[in-house]
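J.: quick one, fold the following:
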Amino acid sequence: MNNVSSLKATDDIPLSTKIATALAEGQAIRTDVGKDGRLHIDRPLPFLCLHLTYGTKNLAARDITSSNASYLIASSLSEAAPIVQAVGAEMMKHFGAFIVLDIGELEHDIRLADDSPFLPHYEVAVSATSEPQTQNARKAFIKAICDAEVRFRTPRITRPEPKQDPVLRLQEADVPFPCVGVRFAPIYRQPESGSDYPGLRETMIADLFDAGLRAFAAFAADTETLRITTHRALGRKAFVDAVRRADRSIDEIAQSFDFLLSVTPINARQAFDEFQQSDFQYAPHFLYRPLGVDVEEQKRKLYSVAFDHLEDPVLYNLYREKQQEIDLQLTMLAHMHRRQYTDFGRALYGSVEPELLTLASDVLAHCRMPVDEGEIPLVGCYEVVQKSREMVDAYHHEEPSFRARVEIRDDLPPGLMVTGEKLLISRHTVMEQRRVDALLHHEIGVHLLTYFNGSAQGLRLFRTGLSGYEGVQEGLAVLAEHLAGGMTRQRLRLIAGRVVACAAMLDGATFVDTYRLMTQQHGFDAANAFNMVLRIYRGGGLPKDAIYLRGLNEVLQHLRKGGALDPFWMGKISAAHFPVMQELSLRGLLRPPGIRPAFLLLPRANERLEKIRSGLSIAEMATL
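T.: Numbers count the residues shown, from 1 in each chain. This is a model prediction of the structure:
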């Protein structure tokens, strides 16, 4: 559909007529109905979800209804009937079939005391008109509700009494289309106070919305009106303004601070000299940038962002998850250098699970340092900057929106870091020449590429990163090094060593203890061990660096199961969000990746991918 229409009735032309005209012209519709209603149709669909308020407010049934791509909320059946007739008539012309799902709530749940020793079934009354396709839609709805995991209560399916049957009421109002009526007990309300159980309300909305989509999909399949691969493809294909407002607000808060820069010491070189002068006996003193964000103010802003009008359970969950992640980051900044900092870091990045520690130990055992590789050519920061800008220019030539910046920084430990659209390169960086291209594919070909692809998705969330995206991002970035042919045994040892060091830190080891563990037991040289331990103890103890090996293992498992890489390039996502990304893509809310990584086209990249799919272990990934 083309332009979105907001329509109003006039003295000479009723609203239903204007709706019919707009639909016939192929327009999307989002318009107020009466005092507290709305009609929303974002594209032609052979269904309409209906909720009649009769003066009620804040019901879950309203939220279930408004989650759909085609819905009508009206105050009464007399107000709704002409609109349903107008929409249905136009959709019948388009599809040859049309169904109405009337969603509402029963007045009461079974009366329970707050201290009830058990929770009985809750009632869901479902009725339908007699057509075989409509009866199948009813069965699909019932099956979905019975299969859903609503906590604490299971549904008891009933048929409504004739006087209360919404389907009969629609027929009496001359709505001539197939109908399914649903009335469910409001179990999300607390029995004594009438207040909501927020988590249960969210679950019910998501489950009943999904059941409705399954009913619509069954009807569409039986009537051959639409061909879809999954019922979730019937969801929205347009963001409402509330989504864009929430997206901007969350992004502004996320951009108000740089978490990693805030917790990274600015005196790494001097600290190493200090540590060396103490004969590696005393932990050095680290200096940090002054915190440039008012944590309490940003938290107030964070929790003032309204998600209750997003009208999309999938997006609602994505933003809630991101809200909680940003909250944890801000909490960590407020607790730097305190004991709680590491505890919150554990909540954000997870502990080092035994399986991951075993994997790291296995990599360290199999990737022993070579006895003598001879003299390996090294390069400094300026050569790395030149190569970086060449790669950025190549991506920019392919896609003009790829406008990354490369900066040299004096206040970073040796190495590279991506923040937003910038690649930061420490002036103290010295690295093996053979590693430069691989590392740039890591930083530019994954981190910056997914930032700019995410920017093209219409919501900033996909460039900022969905909650928990960092593990898979770093796993993909390390995979990029391997596919580019620049993975060394030393690099694999470093990634595995970080896991071992994180585990030691989380178990209470001091900076000096962990440094000795890495040098004396695992054979790392002084400079590399120091930089590794610095990263892990920055801010007071940050377990982030375990995510590289964990993420790489997740990506390899995904590939071995036949998974594709393309969805990862759409933005900054985690493997857990694959089903969400697939659904949003099917709904037309996400674009395919605008830029694909250059390392996938390198010689032998595909051959290396196939070996991984065939079972190549992480310890065997060294190419140099």
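J.: A helix includes H428, no?
T.: No - following the definition DSSP: H, G, I helix; E, B strand; the rest coil, H428 is coil and is not counted among the residues of a helix.
J.: spit out the contact partners of the residue nearest to it when sequence neighbours are not counted.
T.: Nearest residue to H428 in three dimensions, chain neighbours excluded: P414, at 4.5 Å (Cβ to Cβ, 6 or more residues apart in numbering). For every residue, glycine as well, the C-beta is placed using N, CA and C. The neighbours of P414, taking Cβ atoms under 8 Å, 6 or more residues apart in numbering as the test, are A268, S426, H428, T429, V430, N531.
J.: mind giving me CSV with the residues you listed and columns for distance to G26?
T.: Formatted as CSV, the entries for the contacts of P414 read as follows, by distance: Cβ to Cβ, whole Å:
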residue, distance to G26
A268, 60
S426, 55
H428, 60
T429, 56
V430, 62
N531, 60
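J.: as CSV, could you dump the C-alpha coordinates of stretch 293-300?
T.: Backbone C-alpha positions of stretch 293-300 (Å, rounded to 0.1, in the frame of the first residue of the first chain) are rendered in CSV as follows:
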residue,chain,number,x,y,z
VAL,A,293,27.7,11.0,31.9
ASP,A,294,25.3,11.6,34.7
VAL,A,295,24.3,8.0,35.5
GLU,A,296,21.2,8.8,37.5
GLU,A,297,19.9,11.3,34.9
GLN,A,298,20.4,8.8,32.1
LYS,A,299,18.6,6.1,34.1
ARG,A,300,15.7,8.4,34.7
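J.: if we can go back for a sec, buried subset of the contacts of P414?
T.: The neighbour-count test (16 or more other Cβ atoms under 10 Å) marks A268, S426, H428, T429, N531 as buried among the contacts of P414.
J.: report the two of the contacts of P414 separated the most.
T.: The largest separation in the contacts of P414, counting by Cβ to Cβ, is between A268 and V430 at 13.2 Å.
J.: tell me the secondary structure for R227?
T.: coil.
J.: if I look at H309, how far off is A28?
T.: The span separating H309 from A28 equals 18 Å under the rule Cβ to Cβ, to the nearest Å.
J.: more neighbours: these two, which one.
T.: For H309 and A28, the more surrounded residue by other Cβ atoms under 10 Å is A28, and the numbers stand at 19 against 14.
J.: what residues are up against N553?
T.: Under the criterion of Cβ under 8 Å, 6+ apart, the neighbours of N553 are L356, L359, G475, I618.
J.: which strands and helices sit next to whichever helix or strand the third one is part of?
T.: Secondary-structure assignment from DSSP states H and E places G475 in helix 470-483. In terms of contact count using 3 or more Cβ pairs under 8 Å, 6 or more residues apart in numbering; DSSP states H and E, helix 470-483 is assigned the packing partners helix 436-442, helix 547-560, helix 605-613.
J.: save those helices as TSV, and put in mean pLDDT and distance to E481 too.
T.: Output for the helices and strands packed on helix 470-483, formatted as TSV (pLDDT from 0 to 100; distance: least, Cβ to Cβ, whole Å):
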stretch	mean pLDDT	distance to E481
helix 436-442	98	4
helix 547-560	96	10
helix 605-613	97	11
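J.: can I get those helices in TSV including distance to R591?
T.: What follows is those, written out as TSV (distance: least, Cβ to Cβ, whole Å):
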stretch	distance to R591
helix 436-442	23
helix 547-560	22
helix 605-613	24
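J.: mind listing the strands in this protein by residue range?
T.: Chain-ordered strands for the chain, with DSSP state E as the definition, fall at 4-5, 28-33, 37-41, 47-52, 70-74, 99-105, 122-128, 155-158, 179-184, 378-380, 405-409, 416-419, 422-426, 430-432.
J.: which residues sit against the third one?
T.: In other words, strand 37-41. Counting contacts by Cβ under 8 Å, 6+ apart, the residues outside strand 37-41 that touch it are 1, 19, 23, 28-33, 48, 53, 66, 68-75, 79-80, 83, 87, 240, 311.
J.: between the contacts of N553, which has the most around it?
T.: G475 (27 neighbours).
J.: residues in contact with that residue?
T.: Contact partners of G475, counting by Cβ under 8 Å, 6+ apart, are I547, Y548, R550, G551, L552, N553, E554, V555, L556.
J.: in the stretch 101-250 of the chain, where is pLDDT below threshold?
T.: Where the stretch 101-250 of the chain drops to pLDDT under 70, the residues are 110-119, 149-152.
J.: swap the cut-off to 90 and go again
T.: 107-122, 148-154, 187, 189-194, 197, 199-200, 238, 240 (pLDDT under 90).
J.: helices of that one, residue ranges please.
T.: The residue ranges that make up the helices of the stretch 101-250 of the chain, judged by DSSP state H, counting those that start in this stretch, are 132-147, 166-172, 198-223, 241-255.
J.: give me the buried stretch members for the last one, please.
T.: If I follow you right, that is helix 241-255. Buried residues in helix 241-255 (16+ other Cβ under 10 Å): A242, V243, A246, D247, S249, I250, D251, I253, A254.
J.: shouldn't the fourth one be in contact with L459?
T.: Yes - between D247 and L459 there is a contact at 4.7 Å, judged by Cβ atoms under 8 Å.
J.: spit out the contact partners of the spatially most central residue of the chain.
T.: Computing the C-alpha centroid of the chain and ranking residues by Cα atoms, centre = their mean puts L466 first, at 3.7 Å. With contacts defined as Cβ under 8 Å, 6+ apart, L466 is in contact with L318, E321, K322, G571, K572, I573, S574, H577.
J.: repeat the analysis, applying 10 Å as the threshold.
T.: Applying Cβ atoms under 10 Å, 6 or more residues apart in numbering to L466 gives the contacts 318-319, 321-322, 325, 454, 472, 571-574, 576-577, 580-581.
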